[in-house]
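1. Build me a structure from this.
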Amino acid sequence: MAKHFPSDFYVTCATVIPVLYLAVALQGKTWDSFMQSAWAAVQGRPRGEPKYRLTPIRGIGVVVAATYIMLAGGVGEAFALLALYRGSDVPTERTIVLGATLLLVFVVVAIPVLPQGNKGETPDDHDRGSGEAAKSSKL
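-> Numbers count the residues shown, from 1 in each chain. Got it, this is the predicted structure:
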């Protein structure tokens with residue numbers, strides 16, 4: 001146990017983690033599109049432009065990573081609040097809280113730079129649109 005309890009660290013993390021969750025939610029359309037592409041890849045129905053398509057294995061990796069991200073934020077917040085409540089901590093708690101906070105910071109920064117491809121349309125959707133336009137032009 002540390003001789004000096006770093007309450008400022010825990011107060012900061014307990015404040016920042018929910019704000020980072022809110023930032024992910026505000027970027028939700030990008031996050032949602034990326035997760036839909038990952039889940040489609042897991043199910044064997046890749047979406048988007050070929051160069052941005054995920055393989056099923058990578059899709060599973062993205063889904064697992066997203067689960068860890070959401071769990072890490074919740075666990076980090078819980079540990080930060082628990083340490084503040086007790087007024088003491090252990091080095092493991094500090095590492096978990098710091099790791100959860102840094103992971104959420106990374107996600108908030110990384111989401112805007114994810115490749116968007118063709119906004120998640122499947123090649124079938126694109127072909128159906130072209131086919132209907134071709135049929136109406138023949139009539």
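2. I'd like the mean pLDDT over the longest helix anywhere in the chain, please.
-> Of all the segments of type helix in the chain, defined by DSSP state H, the longest one is helix 56-86. Averaging pLDDT along helix 56-86 gives 85.
3. What of stretch 16-31?
-> Averaged across stretch 16-31, the pLDDT comes to 79.
4. Can I get that stretch in PDB, CA atoms only?
-> Listed next in PDB are the C-alpha coordinates belonging to stretch 16-31 (Å, rounded to 0.1, in the frame of the first residue of the first chain):
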ATOM      1  CA  VAL A  16     -12.700  11.400 -17.100                       C
ATOM      2  CA  ILE A  17     -13.900   7.800 -17.700                       C
ATOM      3  CA  PRO A  18     -17.600   8.800 -18.000                       C
ATOM      4  CA  VAL A  19     -16.700  11.700 -20.200                       C
ATOM      5  CA  LEU A  20     -14.700   9.400 -22.500                       C
ATOM      6  CA  TYR A  21     -17.800   7.000 -22.700                       C
ATOM      7  CA  LEU A  22     -19.800  10.000 -23.700                       C
ATOM      8  CA  ALA A  23     -17.300  10.900 -26.400                       C
ATOM      9  CA  VAL A  24     -17.500   7.300 -27.800                       C
ATOM     10  CA  ALA A  25     -21.300   7.700 -27.700                       C
ATOM     11  CA  LEU A  26     -21.200  11.000 -29.600                       C
ATOM     12  CA  GLN A  27     -19.000   9.300 -32.200                       C
ATOM     13  CA  GLY A  28     -21.600   6.500 -32.200                       C
ATOM     14  CA  LYS A  29     -22.400   6.400 -35.900                       C
ATOM     15  CA  THR A  30     -18.700   5.700 -36.800                       C
ATOM     16  CA  TRP A  31     -18.500   3.200 -33.900                       C
END
